[in-house]
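Colleague: got a predicted structure here, sequence first:
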Amino acid sequence: SLLSNGSFAGDAITTVSALFYAVSMVRIHQKTSESESEGAVTGLAVDKVFYAAAIAGLWVCGEAAYKGGDLDLWPSFDDPKQWLLILFISAGPSALSNILQFKGLSKLKPSEGQVILSTVPLFAILFSLLIGETFEMGGLGVGGLLSICFSVTFLIIAGAIE
């Protein structure tokens, strides 16, 4: 009965995903801090993009096999502009963020990198406010800000930030 609960299964998958992400941050730091070459760091970031593409391809193949070849695609799937946007997003901002993340993790401890990355939702909120979106998060926004404040306070106490 407990495993059939969708909420429990979703929480378990999210927890395992967070664990794998934390482990990958530690491994990225280990691999990039060992190499003296900037090209090696960039090469690891490029490898990550290719692995992500391979996983996405396997996901699509698995989805097609599961549904008997009948995939639910978005309405303008056959529009070349949509594919150009996807290509730009993957080659532009995504690749750049991967390279910057790997270069940053070569200089920072993984725990410091996690704290910095945990501020991404805050920057997303600020960006959405800049483009005119409304702020309707209520208590979630306050909870997120408190989490950031506690993280920064912990880093100050630990002596990582002066």
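Modeller: Thanks, I have the structure now.
Colleague: how near is Val49 to Ala56?
Modeller: 11 Å (CB to CB, to the nearest Å). Glycine gets a C-beta too; all of them are placed from N, C-alpha and C.
Colleague: more neighbours, the two?
Modeller: More crowded of Val49 and Ala56, by other CB atoms under 10 Å: Val49, with 15 against 11.
Colleague: if you count neighbours, what's buried in the host helix or strand of the more buried one?
Modeller: Here Val49, judged by DSSP states H and E, is contained in helix 38-66. Buried residues in helix 38-66, counting neighbours by 16 or more other CB atoms under 10 Å, are found at 41-42, 44-45, 48.
Colleague: and if you look at stretch 149-160?
Modeller: Buried residues in stretch 149-160, defined by neighbour count with 16+ other CB under 10 Å: 151, 155.
Colleague: from the chain's centre, how far out does it sit?
Modeller: Its chain's C-alpha centre and that of stretch 149-160 lie 23 Å apart, by CA atoms, centre = their mean, to the nearest Å.
Colleague: quick one: buried residues of the strand or helix carrying Val16?
Modeller: Using DSSP H and E, Val16 sits in helix 6-34. Neighbour counts over helix 6-34 (16+ other CB under 10 Å) mark 25, 28-29, 32 as buried.
Colleague: now render those residues as JSON lines, adding pLDDT and distance to Ser106.
Modeller: Shown next, in JSON lines, are those (pLDDT from 0 to 100; distance: CB to CB, whole Å):
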{"residue": "Met25", "pLDDT": "77", "distance to Ser106": "12"}
{"residue": "Ile28", "pLDDT": "77", "distance to Ser106": "8"}
{"residue": "His29", "pLDDT": "78", "distance to Ser106": "7"}
{"residue": "Thr32", "pLDDT": "74", "distance to Ser106": "3"}
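Colleague: distance to Ala91 added to those residues, as CSV?
Modeller: Listed next are those as CSV, based on distance: CB to CB, whole Å:
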residue, distance to Ala91
Met25, 23
Ile28, 21
His29, 25
Thr32, 22
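Colleague: what's the closest of these to Gln101?
Modeller: Ile28 (7.6 Å; CB to CB).
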